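S.K.: Show me how the following folds:
(2 chains)
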Amino acid sequence: ILNVEQSPQSLHVQEGDSTNFTCSFPSSNFYALHWYRWETAKSPEALFVMTLNGDEKKKGRISATLNTKEGYSYLYIKGSQPEDSATYLCAFEDSNYQLIWGAGTKLIIKP
Amino acid sequence: DAGITQSPRHKVTETGTPVTLRCHQTENHRYMYWYRQDPGHGLRLIHYSYGVKDTDKGEVSDGYSVSRSKTEDFLLTLESATSSQTSVYFCAISASAGADTQYFGPGTRLTVL
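M.R.: Now for the predicted structure:
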């Protein structure tokens, strides 16, 4: 059974600080890596889809990197704001296009 | 927001009763998915559809069946609900398979007593 691990499980960050967290996934049968943001009482929303080793994506203050050879991706948030509080999910997509989801990192921004 | 609705949004039922959840989309996307979300777990795929009348099992399909008679509707049925099926169920859609974004519905909270 493929496993996708996200760390840490939760994270408290002071407003204005930058932070990052990790998604670890199998290094074989890789097709793509997805990042989603999930706010309380809402549905998950896509942030990035990455397919190539060394890929870097950026959307505003949020960016992500991908290392398919060692099986990890980092999500970075620069200058955290209260509206960044959410659970961040990653999903490993295998060569059969099946998504295996991590349990998420819950980010709480302290004013 | 992608046009995805789920009904009902909340349901409480008793063990042994059949339950059907509906997912409706207005995006004309080919792929539709049913996930369940439980504390401490990531989203787990129950079943998915790659076209009208074309469905396949996901990771946790036991005790669930699906049907897709129209592009816009994907039904999830629990033939005889059990307490272990208490969960939040999400429908998702995507235009294609392979590195494509999935868009999620608002979720259905199901409680089986």
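S.K.: How many residues are close by the residue in chain B positioned nearest to chain A?
M.R.: As assessed by C-beta to the nearest C-beta, chain A sits closest to B:Gly42 within chain B, at 3.2 Å. All C-beta atoms are positioned from the backbone trio N, CA, C, and that covers glycine. B:Gly42 has 22 neighbouring residues, counting by other C-beta atoms under 10 Å in any protein chain shown.
S.K.: which non-adjacent residue is nearest it?
M.R.: A:Trp101 (3.2 Å; C-beta to C-beta, 6 or more residues apart in numbering or on different chains).
S.K.: ok, the one you found - contacts?
M.R.: A:Val4, A:Leu89, A:Cys90, A:Ala91, B:Gly42, B:Leu43, B:Arg44 (C-beta atoms under 8 Å, 6 or more residues apart in numbering or on different chains).
S.K.: Cross the residues you listed against helices and list the overlap.
M.R.: Judged by DSSP state H, helices contain none of the contacts of A:Trp101.
S.K.: Going by neighbour count, which of the residues you listed comes out on top?
M.R.: A:Cys90 (31 neighbours).
S.K.: Can you tell me who that one pairs with across the strands?
M.R.: Beta-bridge partners for A:Cys90, by DSSP bridges, are A:Trp35.
S.K.: Surely it touches A:His34?
M.R.: Yes. Using C-beta atoms under 8 Å, A:Cys90 is in contact with A:His34, at 6.6 Å.
S.K.: Quick check: whatever residue of chain A ends up closest to chain B vs B:Val112, distance?
M.R.: Closest contact between chain A and chain B, by C-beta to the nearest C-beta, is at A:Trp101 (3.2 Å). Distance, A:Trp101 to B:Val112, using C-beta to C-beta, to the nearest Å: 23 Å.
S.K.: mind listing the strands for chain A?
M.R.: Here chain A has its strands, by DSSP state E, at A:5-7, A:10-14, A:19-24, A:30-38, A:45-50, A:56-59, A:62-67, A:72-77, A:86-94, A:99-101, A:105-110.
S.K.: Quick one: residues contacting A:Pro8.
M.R.: A:Phe21, A:Thr105.
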